[in-house]
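In: Quick one, what's the 3D model for this:
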Amino acid sequence: MDNRLKTNSPLDKLLNGGIECDAITNIYGPAGSGKTNIALTVTIETSNDKKILYMDTEGSFSAERFRQLGGNENNLKNIIFFDVHSWEDQHREIQRIERIVEKERIALIIIDSLVALYRLELDSENFQKINKQLATQYSILSMITRKYKIPVLVTNQVYGYKEDGDEKIELTSRAIAKYWSKALIELKRAERSNHRIAIVRKHRSIAEGKNIEFEIKERELKEVGKLGFF
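Out: Numbering: from 1, shown residues only. Modelled structure (predicted):
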């Protein structure tokens, strides 16, 4: 647990104390599954007394939601925001991150979402170029987390497809994301309203399929079920 950063969410129980401090943790799921809520809880937890980098690529950061979950002005002073609006912006800013890390005592890097602008940019003509740029961004983040022992949390979108007549989902940039992310956590909607299930899909020390159900409430993310295994 010494090599973990608390998220102040039910993921701490799922992940034996929090996200790893020398790895990329990738949280993925459909829109509204709770990805940004988890990004906000770990931001609040960490920015109480440490500086963090937060890149918002979708305009998902809500000051109102931040305050509902316990954030305040002191937290905001400890957050260095990257507000990017294009894939070119994102690629350029991620290449600047190490210089900021060297100047500031950064305790956490969050990118919400790493692939939103990637999906908008990608087409049949630039496929190789854009995928190479995404892999470069992952490699930079991987180098930083290993070199400086700063946890990196990225969120990832998904897409649906059919296989043998069944509906399946897969995370966007499948092969690239799976290669660079040492922890993959899938978020799914549960049967009850506002309930979600977090499932370990890949981890260096936790069994695949371990899961926990939680509820997205106004002021917290609350565990509502025991740890389980699929």
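In: and the longest helix anywhere in the chain, what does it pack onto?
Out: Taking residue count as the measure and DSSP state H as the definition, the longest helix of the chain comes out as helix 127-148. Other helices and strands packing on helix 127-148, by 3 or more C-beta pairs under 8 Å, 6 or more residues apart in numbering; DSSP states H and E, are strand 24-28, helix 87-103, strand 106-112, helix 116-121, strand 152-156, helix 174-180. Bear in mind the C-beta positions are built from the backbone N, C-alpha and C, glycine included.
In: between it and strand 152-156, how big is the angle?
Out: Between the direction of helix 127-148 and that of strand 152-156, the angle (axes from the mean of the first three to the mean of the last three C-alpha atoms, to 10 degrees) works out to 150 degrees.
In: re the thing from before, okay, the helices and strands packed on helix 127-148 in JSON lines with mean pLDDT and mean neighbour count next?
Out: Formatted as JSON lines, the entries for the helices and strands packed on helix 127-148 read as follows, by pLDDT from 0 to 100; neighbours: other C-beta atoms under 10 Å:
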{"stretch": "strand 24-28", "mean pLDDT": "98", "mean neighbour count": "26"}
{"stretch": "helix 87-103", "mean pLDDT": "97", "mean neighbour count": "16"}
{"stretch": "strand 106-112", "mean pLDDT": "97", "mean neighbour count": "23"}
{"stretch": "helix 116-121", "mean pLDDT": "94", "mean neighbour count": "18"}
{"stretch": "strand 152-156", "mean pLDDT": "97", "mean neighbour count": "27"}
{"stretch": "helix 174-180", "mean pLDDT": "94", "mean neighbour count": "16"}
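In: So which of the ones you listed is nearest residue 17?
Out: The closest of the helices and strands packed on helix 127-148 to residue 17 is strand 24-28. By C-beta to C-beta, the value is 12.6 Å.
In: what's the distance between that closest one and the middle of its chain?
Out: Using C-alpha atoms, centre = their mean, to the nearest Å, we find the averaged C-alpha position of strand 24-28 to lie 5 Å away from the chain's own average C-alpha position.
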